[in-house]
Structure formats: structure tokens, C-alpha cells
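> sequence first, then the predicted structure:
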Amino acid sequence: QVQLVESGGELVQAGGSLRLSCAASGNTFSSYVMGWFRQAPGKERTFVAAIYWSSSSTFYADSVKGRFTISRDKAKNTVYLQMNSLKPEDTAVYYCAASARESIALGLGRSYDYWGQGTQVTVSS
């Protein structure tokens, strides 16, 4: 089992920045893929970004490319999502997820085995 705990969500003005953190504990290992998803009110959960734990290769949804950066700290078992130039449409609950497999469809929620509880990000206009 892997436990994921997100933090860092808060209210921010448009154009501002936030950094989300996802601390992993339990049976963590280097072959995991870590991802960030988000769900806005009344909408489906969507993919934001993913990172391969061992290689640190990264992937992003088109909507966040150039604004968001995913990274990981192996020593702290923590994944980060740096969010810059935030827009009101970035408002959502952000979830951290982990997959125990490497060959997955990164953008699909069902590819991930473990999920955090979510952290609220609100961007005011």
C-alpha cells in the first residue's frame, strides 16, 4: 500500500503561483509513475501532469504546458506541482496519484492505483 498526502492548495489571484506537494509513504519504490489530476465542480477529473519516478521524464496536458512543472524529490518521497500564471479555469481539487506500473496510459485515471485526498486550488479573477 502507498499513502499519498497532498498539500499546498489555497486561494490565489489570477496570474499568481502555487506549489502543490504530494508526500508518499508506505510501500514506495522507484518504478512508480506519479501523476496529478484535477476535478472542477461539476466536471470530470482530468489529467494535469505525470512524472516517472526513476527517470524523471515528465508529461503534461496541453492546457498547462509552459505554466506548470512537475518534479520529484527522491530523498523526501515527494512530488511537486509548481503552478505559474494561474487562471480562473485552473480552479479545481487537485489529486495526486501513483501507479505501480510503468507502461500505462498516463492520462487515464484508471491507470493509477493509489490516490490522495485532494487539495483545493481556487484562482480568483
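Perfect, I can see it now. Numbers count the residues shown, from 1 in each chain.

> avg pLDDT for stretch 95-102?
When pLDDT is averaged over stretch 95-102, the result is 91.

> which residues touch the residue positioned nearest the centre of the chain?
In the chain, the centroid-proximal residue (C-alpha atoms, centre = their mean) is Trp36; its distance is 2.1 Å. Applying C-beta atoms under 8 Å, 6 or more residues apart in numbering, we find Trp36 in contact with 20, 22, 48-50, 70, 79, 81, 94-97. Placement of C-beta: from N, CA and C, glycine included.

> what about the strands in the chain?
2-7, 11-13, 18-26, 33-39, 46-52, 58-60, 68-73, 78-83, 92-99, 114-115, 119-124 (DSSP state E).

> which one of the ones you listed lies nearest to Gly107?
Of all the strands of the chain, strand 46-52 sits nearest to Gly107, with 3.9 Å by C-beta to C-beta.

> can you point out the buried residues in that closest one?
For strand 46-52, the neighbour count (16 or more other C-beta atoms under 10 Å) marks 47-52 as buried.

> next one: stretch 108-123
So, applying 16+ other C-beta under 10 Å, buried residues of stretch 108-123: 109, 111-112, 114-116, 118-119, 121, 123.

> in JSON lines: those, plus pLDDT and distance to Gly42.
Converted to JSON lines, these look like this (pLDDT from 0 to 100; distance: C-beta to C-beta, whole Å):
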{"residue": "Gly109", "pLDDT": "92", "distance to Gly42": "17"}
{"residue": "Ser111", "pLDDT": "93", "distance to Gly42": "24"}
{"residue": "Tyr112", "pLDDT": "94", "distance to Gly42": "22"}
{"residue": "Tyr114", "pLDDT": "93", "distance to Gly42": "26"}
{"residue": "Trp115", "pLDDT": "96", "distance to Gly42": "20"}
{"residue": "Gly116", "pLDDT": "97", "distance to Gly42": "21"}
{"residue": "Gly118", "pLDDT": "97", "distance to Gly42": "16"}
{"residue": "Thr119", "pLDDT": "98", "distance to Gly42": "19"}
{"residue": "Val121", "pLDDT": "98", "distance to Gly42": "16"}
{"residue": "Val123", "pLDDT": "98", "distance to Gly42": "17"}
